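Asks: kindly return the folded structure for what I paste below:
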Amino acid sequence: MDKIEAPHTGTTIIAVTYDGGIVIGCDTRVSIGNFISNRASDKITPLCENVFLARSGSAPDTQIVSDIVRHMVHQHSIEMETNPEVKTVANLCMQITYNNKGANHGHGLSAAMLCAGWDKYLGGQVFALPIGGSMISVPWGIDGSGSTYIWGFLDAEFKENMTREEAESFCITAISLAMARDGSSGGMVRLVTVNEQGAFRKLTTCQELDTFHEDMDVRGLQNGLSGMVV
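Replies: Numbering: from 1, shown residues only. You can find the predicted model right below:
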């Protein structure tokens, strides 16, 4: 019998720090090879009130990590009677990935994630959790198939101590650029902003996004979008 290869998945996730908090974002397309299975998914999972996880890779692998960590963090919050530190939550995600390197017939978990949030001790923080079980504190992080197209953009355009509005606009532009080149990224842009006041979600539809390269500009179109692949 011929060997059956695992389906290739793709996405674009991003998280950045700004002066007062973090912004974490993603596209909304879920693909299995050349088939788009969901064009309005939510790849940003709340682990607790102040920490969120952006997921890329295998959906089952990343979902089980987030489910286990959310359960553990809930117990920890009850014992501590306060929201957990961001690095504590990120470390739990890292431990699960690292300790399951033998999963999936020795290939390990296909889970490339970004854990970001705000706490009263260190403010806004972003931790990159690449495949393999590493945990790296970074001012900004990206992952997923679309990330390969925008490393240069983030290197050149990221600024320390941005305002909330600048950080949100920066993330939307970065994801839009990735969506323009990566066939496995698309749809809309979801953002979650976390700061001392709480967590705030924002959805930017395809009609509101800037277009790049050979993208078709769908802004202003009122009809005919229901069957369009985005």
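
Asks: can you name the residues in contact with the lengthiest helix in the chain?
Replies: Looking across the chain with DSSP state H, the single longest helix is helix 59-80. Contact with helix 59-80 is made by 9, 30, 45-48, 51, 53, 55-56, 83-84, 88-89, 92-93, 96-97, 103-104, 109-111, 113, as judged by C-beta atoms under 8 Å, 6 or more residues apart in numbering. Any C-beta I mention is one placed from the backbone N, CA and C, and that applies to glycine too.

Asks: can you give me the strands in the protein?
Replies: For the chain, applying DSSP state E gives strands covering 13-18, 21-27, 30-32, 35-38, 44-48, 51-57, 111-119, 123-129, 136-138, 140-143, 189-195, 198-204.

Asks: now tabulate those in CSV and tack on distance to Ile68 and mean neighbour count.
Replies: Listed next are the strands of the chain as CSV, based on distance: least, C-beta to C-beta, whole Å; neighbours: other C-beta atoms under 10 Å:
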stretch, distance to Ile68, mean neighbour count
strand 13-18, 20, 28
strand 21-27, 20, 28
strand 30-32, 21, 19
strand 35-38, 23, 12
strand 44-48, 10, 20
strand 51-57, 11, 27
strand 111-119, 12, 28
strand 123-129, 14, 24
strand 136-138, 21, 14
strand 140-143, 20, 25
strand 189-195, 21, 23
strand 198-204, 21, 14
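
Asks: can you add distance to Ser176 and mean pLDDT and give these back as TSV?
Replies: As requested, the strands of the chain are exported to TSV (distance: least, C-beta to C-beta, whole Å; pLDDT from 0 to 100):
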stretch	distance to Ser176	mean pLDDT
strand 13-18	11	98
strand 21-27	9	97
strand 30-32	18	75
strand 35-38	18	76
strand 44-48	17	97
strand 51-57	16	96
strand 111-119	18	97
strand 123-129	20	98
strand 136-138	21	98
strand 140-143	13	97
strand 189-195	7	98
strand 198-204	9	97
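
Asks: distance to Ile175 added to the ones you listed, as TSV?
Replies: Converted to TSV, the strands of the chain look like this (distance: least, C-beta to C-beta, whole Å):
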stretch	distance to Ile175
strand 13-18	6
strand 21-27	6
strand 30-32	15
strand 35-38	17
strand 44-48	12
strand 51-57	11
strand 111-119	13
strand 123-129	15
strand 136-138	17
strand 140-143	9
strand 189-195	5
strand 198-204	9
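
Asks: distance of Pro60 relative to Asp67?
Replies: Distance, Pro60 to Asp67, using C-beta to C-beta, to the nearest Å: 10 Å.

Asks: go on, Ser176?
Replies: 30 Å.

Asks: show the pLDDT at Phe158.
Replies: For Phe158, the model assigns a pLDDT of 97.

Asks: could you do the one 3 residues further on as well?
Replies: Turning to Asn161, the model gives it a pLDDT of 95.

Asks: leaving out chain neighbours, which residue sits closest to it?
Replies: Leaving aside its sequence neighbours, Asn161 sits nearest to Asp19 (C-beta to C-beta, 6 or more residues apart in numbering; 4.2 Å).
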